[in-house]
Structure formats: structure tokens, C-alpha cells
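Peer 1: sequence? don't have it. structure:
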């Protein structure tokens, strides 16, 4: 049955809309300002719900706001840019499909030429911003980098993903330009994520070249620490592939292990893909078996391991692997621009795992994982700092969140958790 309201009737020509949703849209038409107020205060959508009904609801409410306020209005752009953009229902993803038919999307692998190649000397006492999944160009990302700049970091390490598909234009707009603007005196490094490679490797490699990074994996080193940047994204280059697993080139694995095996320095690992997950399946389980098999020889020497990909902030308890190796500190810091999930209890997927491997557990206590509204921390980043304290070299990590009481409304970054890594 077609709605008596023309706009909703037109939506019905595109989608099969359930009757209860039609009635909801018809009620919204009577008071679009209230709908808008509810959306920006987070009372309308659960973005962790990927159901077709929820996607249609996104489309419908956006259409109502655009029709009421205008499709170039501040209200429409606020909802689109901060809620709708980059969701699976975002029509701009269709551009990727067209682009796939027109270009070479292969990933050009360029390994270091020697043991010393792509190792960078950093300061003994330093401050580095670590953040994942930041390259969206939205207002969340812009506010975050401006807050990070207040801390005067020496280095900025991005754990991958520049949206939509990592083209040169997107890398320039969403990554290179804002970093050059807000962090002009900071040395920039990045590891690639799946989005960086969706268009091939040209865009990512161009972005690296703007900051003097030669390859997709690297080591930052001083007298006390090695920071390893890992490229694990070379085969996860299809956005329609739901496979979460990473891929490590054998040459890269040997290069990292060779640097780690004889060192007595603290080792920090940074990559895009999770080695394991509390709330997402990797090849159908909680553990990335291929990555574990490749890097198992170094796990006991790793001080801390940071990754992104999942748009959340999570601190894991020490994790014991199947062969007895123990990773003391694993940290998910993928909420650099938007958080797609809201409730940790709902996210827990232990019942979906095989039971063959230990299920990761989250650190508990002090309510570190929630904002004042009970949702998981979004818009967050970490600051890795190395310095001498009473004659001892201390590595610390401070995690910041940016409270967002309403969509597009931000408050000054606040510390949500601190820890000593060594």
C-alpha cells in the first residue's frame, strides 16, 4: 500500500518498506525538526544494526531532512557527513564499482632493499600520536587532529584506512592536506588498511611519498625501542569481501623477525588488522591464524601491539596463544573518526567462535570503556611517550577521547586511560 505522502511514496518505489516503517516516516513528516534533534542527539539510529530495515530507515530519514531543510542545508550535511557517510548504505560506494571497471586496482608491492632500508632513527625522548581509521575527512577527524596537535607530537602514526577507497584524491583530501595543515612540524608515518588498497596501491604510496616514507612497512628506532609498522592489507582489497583476515608477505615477515630476534629493546607493533578480536570473527574465529603463525616467533618479545580496523577502542587482558606465547598488552585503537558499535555487551560474540582458541577478554574496572552516556568510546587516539624517569627509560601510553554530546558537537579531548608499557 502506497503512502499518501508523495515523498514516502517515492521512497517506496525504490525500496520495499515495511508497514510499521511507513507509519514511522509519516509521523516524522509532521515534525522534521524533532526528528533532526533526535538524530543528532543519538536517539534515532543504532549504527551497529546492519539490517536492511535500518539501512532503509537511514535513507528515509535523510530524505525527509533534505526535503524539509534543503539538500545543501547545514542540517542535511550535518546528518549526512557525520552519520550517513561511509555506512554501507552510502550511495557513494557505487562510485567504487564503476571505478573498478575502469582502472588497474592491483597492489604494487615494493619491499625494502636491505636490512637497514626503511628504518628511521627517532628521538630517544619522544611523543607519538597513534590512531586508526582516521582518514575520513569528516568533522570528527578534523577535530581530533586539531586536539592532537595541542600535544605537540614529534610523530604521527596512522594505523590505516583512508576513505572511501584510498585514491590519490582521497588521500590528498582526507589525509595529506589536514596533516600538513595541523601537524606541519610532525613526522608522519602510516601502515595501509584495506580501504587504502581498494583502489590499488597508487594513492597510498603517493601519500607516503609526501612525508618521506618509502615503503608500506617500516621500523622507527632509538636506543631503547623499535616501533614496527606492518603491512597486512595486501590481499584484503575487495570491499564486498567480508573476510577479516590479514595477509603478510613472507619477505616482510622475515624482515621484521630479523630485526626483532636479537634486540634487547622494547618492541612495539603497529598494524591495521587485529591479531585477535573480542567481538568480530576473523576467518570464522577470534584469532587470525595466518598472522599468528607468521609472527609467533616474536610475540614473547613484544611490549605492546596496537591495531585498528574495528572502529572501537578496546584494551585487552594478557592473551595466551595456542602454543603458549603471551602477549601482555594488545590495544584496539580504531575509533579515530567514527565508532560503528555502541554497546560492548551486545557486541560480545563468544558464542560465534569455534572454541578451539582462547577468547580474548577486555580489561575491566574504572569504567574506562564507556562515556558518560554508557556507550563505547568513539573519537579516540593514543599518545605513546618515551622518556627517562629517575634514570630509567619509561614507555607510557595515554588514551584520549573526544566527547560528542550531539552529532557535530565536540568537547575538548580528555584522558580516558593511562598505562606504563614497560
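Peer 2: Perfect, thanks for sending it. Not measured: the values here are computed from a predicted model.
Peer 1: Residue 310 reaches residue 334, doesn't it?
Peer 2: Yes. Residue 310 sits in contact with residue 334 when judged by CB atoms under 8 Å, with a separation of 5.0 Å. For glycine as for every other residue, the C-beta is placed from the backbone atoms N, C-alpha and C.
Peer 1: So which of the two has more stuff around it?
Peer 2: Neighbours were counted for residue 310 and for residue 334 using other CB atoms under 10 Å; residue 334 has more, 28 against 24.
Peer 1: burial count for the closest residue to that one other than its chain neighbours?
Peer 2: Leaving aside its sequence neighbours, residue 334 sits nearest to residue 308 (CB to CB, 6 or more residues apart in numbering; 3.5 Å). A total of 28 residues lie near residue 308 under the criterion other CB under 10 Å.
Peer 1: now residue 210
Peer 2: Residue 210, neighbours per other CB under 10 Å, totals 15.
Peer 1: if I pick it, what's in contact with it?
Peer 2: 176, 180 (CB atoms under 8 Å, 6 or more residues apart in numbering).
Peer 1: got it, and residue 162?
Peer 2: 135, 170-171, 174-175, 193, 195-196, 203-204, 207.
Peer 1: Please identify which of the residues you listed is nearest to residue 80.
Peer 2: Distance ranking of those against residue 80, using CB to CB, places residue 174 first at 15.7 Å.
Peer 1: Nearest the middle, which residue of the protein would you pick?
Peer 2: residue 133 (2.7 Å; CA atoms, centre = their mean).
Peer 1: Might one say that it is in contact with residue 309?
Peer 2: Yes. Look at residue 133 against residue 309 with CB under 8 Å: they come within range, at 7.0 Å.
Peer 1: Residues that sit against both of the two, list them.
Peer 2: In contact with both residue 133 and residue 309: 160-161, 193, 334, using CB under 8 Å, 6+ apart.
Peer 1: Most neighbours out of these, which is it?
Peer 2: Busiest of these [other CB under 10 Å] is residue 160, holding 33 neighbours.
Peer 1: Correct me if wrong: it contacts residue 198.
Peer 2: No. The pair residue 160 / residue 198 is not scored as a contact, 11.8 Å apart, by CB under 8 Å.
Peer 1: Nearest residue to residue 354 in space, please, no chain neighbours.
Peer 2: Spatial nearest neighbour of residue 354, chain neighbours left out: residue 285 (5.2 Å); criterion: CB to CB, 6+ apart.
Peer 1: beta partners for the nearest residue to residue 128 once chain neighbours are set aside?
Peer 2: Sequence neighbours aside, residue 155 is the residue nearest to residue 128 in space, at 3.9 Å (criterion: CB to CB, 6+ apart). Counting by DSSP bridges, residue 155 is bridged to residue 128, residue 187.
Peer 1: I'd like the distance from residue 155 to residue 232, if you could.
Peer 2: Look at residue 155 and residue 232: by CB to CB, to the nearest Å, they are 21 Å apart.
Peer 1: So if I had to pick from these two, which one is more boxed in?
Peer 2: Remark: of residue 155 and residue 232, residue 232 carries more neighbours, 31 against 20, as counted by other CB under 10 Å.
Peer 1: Leaving out sequence neighbours, find the closest residue to the more buried one.
Peer 2: Residue nearest to residue 232 in three dimensions, not counting chain neighbours: residue 246, with 3.5 Å by CB to CB, 6+ apart.
Peer 1: which residues of the stretch 301-422 of the chain fall in helices?
Peer 2: For the stretch 301-422 of the chain, the helices defined by DSSP state H, counting those that start in this stretch occupy 344-347.
Peer 1: which stretches of it have low pLDDT?
Peer 2: 339-351, 364-378, 405-407 (pLDDT under 70).
Peer 1: from memory residue 170 sits against residue 163, does it?
Peer 2: Yes. Between residue 170 and residue 163 there is a contact at 6.6 Å, judged by CB under 8 Å.
Peer 1: how about the closest residue to residue 280 other than its chain neighbours, phi and psi?
Peer 2: Distances taken as CB to CB, 6+ apart place residue 310 nearest to residue 280, at 5.7 Å, with adjacent residues excluded. Dihedral angles of residue 310 (phi, psi; degrees, to the nearest 10) stand at phi -80, psi 130.
Peer 1: quick revisit: so which of the contacts of residue 162 comes closest to residue 397?
Peer 2: Of the contacts of residue 162, the one sitting nearest to residue 397 (CB to CB) turns out to be residue 193, at 20.8 Å.
Peer 1: which residues sit in contact with the closest one?
Peer 2: For residue 193, the residues meeting the contact criterion (CB under 8 Å, 6+ apart) are 132-133, 159-162, 233, 272-273, 308-309.
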